[in-house]
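> sequence and predicted structure below; questions after.
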Amino acid sequence: MKKLFTTLLTSLVFTSSISQEISVEPFGVGGVNITTEITHAGDDRVFMARKSGAIRVTDSEGVTINNTFLNISSFVNNLGEMGLLGLAFAPDYQETGKFYVHYNDLDGKSVIARYTVSEDPNQANPDGTILLTIENSSIGHKGGTIRFGPDGYLWISIGDDGDWENGQNIHTLKGKILRIDVSGDSYTIPPDNPFVGIEAEDEIWAYGLRNPWKFSFNHETEEIWIGDVGSIHFEEINRSSTNEPGVNYGWNCYEGNHQYPNSGCDGTEEITFPYSFYEYGNGRCSIIGGYVYRGAGMPSLIGKYIFADYCSGEIGWIDDDANLIFTPTGLDAIFSVGEDFYGNLYVASINRVYKIIDETMGVEDQNKVNISIYPNPTKDFVNITSNKAIDEISIYTMDGKLIQTLKGNTTQIDISNFSNGIYIMTIQSGDIMKTQKIIKK
């Protein structure tokens, strides 16, 4: 069975462009190497991992405490998409001082290693312990995030290493979310990992991913959110329960909910399609996964998943109906989205980190977009009413084939010649794209 997380509604209300609502302000010093991770250690300090191999620590105002909390640059390969990519502090860091890094070594291998803090809380011990290594054959698609899940295990994102067949291959760790137990001296396999006891890699928790550069957890709902960088058409936002093992997110059978050309998939695979996705265009080309916002500074965004796009430099979010909303930041590029202890969010651009701030505190009623789609289900016509102009409507079959595109302010669509079944309609209005199902009877 193919699963599609798309809300079925007959009346849609969603917010228009948020360019008036949030902004960014410089955080800390500029002129630093590309920042790949921004996180915390359970207190008000902010830790920033640099692609070159060093970790900087600042106070909550961005004032540098130590420019090299840890420096492993002498054995980090930062060519292409490689480098020091991930940083995670153990849930019991305040007691054990243990933290973990994800980097590429001089041979290009993906490495998960454990380090400890010294007697100085702002300085790590220089020697670490390598726990896991993965051979690579390219300088791209390395994934890179490591996070401790609600279950206390270490979750790891690994890209497909540029080989699109790796996503569906459960005999390789590439193109996967891994889940391991690092509570001992070496790592072990959680007994409920989905491929334990069968001919596959035991570390795998989920598969079917291309380049899951950033993922995070919503600990309140025990969900994982994954931004998976697309290939030629679509950027994916995947969402699933952390209690659901063995999820297949579809790559390389599908990109978005569209069947990928020449994938070799036979259509019998059980796929969990993205919660949402967006197309290339308008300068967008590469999703940077983010967080479900739980801070206090932007009340209207609490509970919303906030992410970014590398190429456009935009910040986006998803509302409760899976609407995608984008706002420009004026930044040339965004490499990472991070979070501090208080739930404040940050983005890393070229040579600088910025804090996301609320500019206007709320959206006025006149900025609301109200769209009604009816009847749904329907036998022949679908009527569309809106208080704002609609730029484009596209209709797809459930296997991702585009069957109709209408540009301009369309008010009625004739689907009488469609076969009975379920279709996907995407509606573009300014910076908003809505995806929903329509049923032809």
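That came through fine.
> quick one: the strands in the stretch 101-250 of the chain?
Assigned by DSSP state E, counting those that start in this stretch, the stretch 101-250 of the chain shows strands spanning 110-116, 129-134, 146-148, 154-158, 176-180, 204-207, 214-218, 223-228, 234-241, 247-248.
> out of the ones you listed, which gets nearest to T188?
Closest approach to T188 among these (C-beta to C-beta): strand 176-180, 7.2 Å. Every residue, glycine included, has its C-beta placed from N, CA and C.
> and the angle from that closest one to strand 154-158?
Taking axes from the mean of the first three to the mean of the last three C-alpha atoms, to 10 degrees, one finds strand 176-180 and strand 154-158 inclined to each other by 160 degrees.
> only alpha carbons, please: show strand 176-180 as PDB.
Output of strand 176-180 as PDB, limited to C-alpha atoms (Å, rounded to 0.1, in the frame of the first residue of the first chain):
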ATOM      1  CA  LYS A 176      19.300   5.800   5.200                       C
ATOM      2  CA  ILE A 177      18.400   6.900   8.700                       C
ATOM      3  CA  LEU A 178      20.500   4.800  11.100                       C
ATOM      4  CA  ARG A 179      19.700   4.200  14.700                       C
ATOM      5  CA  ILE A 180      22.300   2.900  17.200                       C
END
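> so what secondary structure elements neighbour it?
strand 154-158, strand 204-207 (3 or more C-beta pairs under 8 Å, 6 or more residues apart in numbering; DSSP states H and E).
> just to revisit the earlier point, turn the strands of the stretch 101-250 of the chain into CSV, including mean pLDDT.
As requested, these are exported to CSV (pLDDT from 0 to 100):
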stretch, mean pLDDT
strand 110-116, 98
strand 129-134, 98
strand 146-148, 98
strand 154-158, 98
strand 176-180, 98
strand 204-207, 98
strand 214-218, 97
strand 223-228, 98
strand 234-241, 96
strand 247-248, 97
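> could you export the ones you listed as TSV, including mean neighbour count and distance to T327?
TSV is the format used below for the strands of the stretch 101-250 of the chain (neighbours: other C-beta atoms under 10 Å; distance: least, C-beta to C-beta, whole Å):
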stretch	mean neighbour count	distance to T327
strand 110-116	20	34
strand 129-134	16	37
strand 146-148	21	26
strand 154-158	27	26
strand 176-180	25	29
strand 204-207	26	30
strand 214-218	23	19
strand 223-228	24	17
strand 234-241	22	16
strand 247-248	21	30
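> now the ones you listed as TSV including distance to S372?
Formatted as TSV, these follow (distance: least, C-beta to C-beta, whole Å):
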stretch	distance to S372
strand 110-116	49
strand 129-134	50
strand 146-148	40
strand 154-158	39
strand 176-180	39
strand 204-207	37
strand 214-218	30
strand 223-228	29
strand 234-241	26
strand 247-248	34
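> any idea how far E119 is from P274?
Remark: distance between E119 and P274 (C-beta to C-beta, to the nearest Å) = 46 Å.
> also D44?
In terms of C-beta to C-beta, D44 sits 35 Å off from P274.
> of these two, which one has the most company?
P274 (27 against 12; other C-beta atoms under 10 Å).
> which residues sit in contact with the more buried one?
By C-beta atoms under 8 Å, 6 or more residues apart in numbering, the contact list for P274 reads 5, 228, 236-239, 249-250, 256-257.
> closest to V337 out of these?
Once C-beta to C-beta is applied, the member of those that ends up nearest V337 is I237, at 12.4 Å.
> apart from its neighbours in sequence, what residue is nearest the closest one?
S276 (4.7 Å; C-beta to C-beta, 6 or more residues apart in numbering).
> tell me the pLDDT at that neighbour?
In this model, S276 is scored at 93, pLDDT.
> try D266
At D266, pLDDT is 71.
> regarding it, what is its secondary structure?
coil (DSSP: H, G, I helix; E, B strand; the rest coil).
> tally of neighbours for it?
7.
> domains in this structure, as residue ranges please.
21-360, 366-440 (automatic domain parsing).
> mean pLDDT lowest for which of those domains?
Confidence, taken as mean pLDDT, is least for domain 366-440 of the domains of the chain (a mean of 79).
> now that one: how far from the chain's centre is it?
A distance of 26 Å separates the C-alpha centroid of domain 366-440 from that of its chain, computed with C-alpha atoms, centre = their mean, to the nearest Å.
> contact partners for the closest residue to I139 other than its chain neighbours?
Closest residue to I139 apart from its sequence neighbours, by C-beta to C-beta, 6+ apart: G80 at 3.0 Å. With contact set as C-beta under 8 Å, 6+ apart, G80 has these partners: 138-140.
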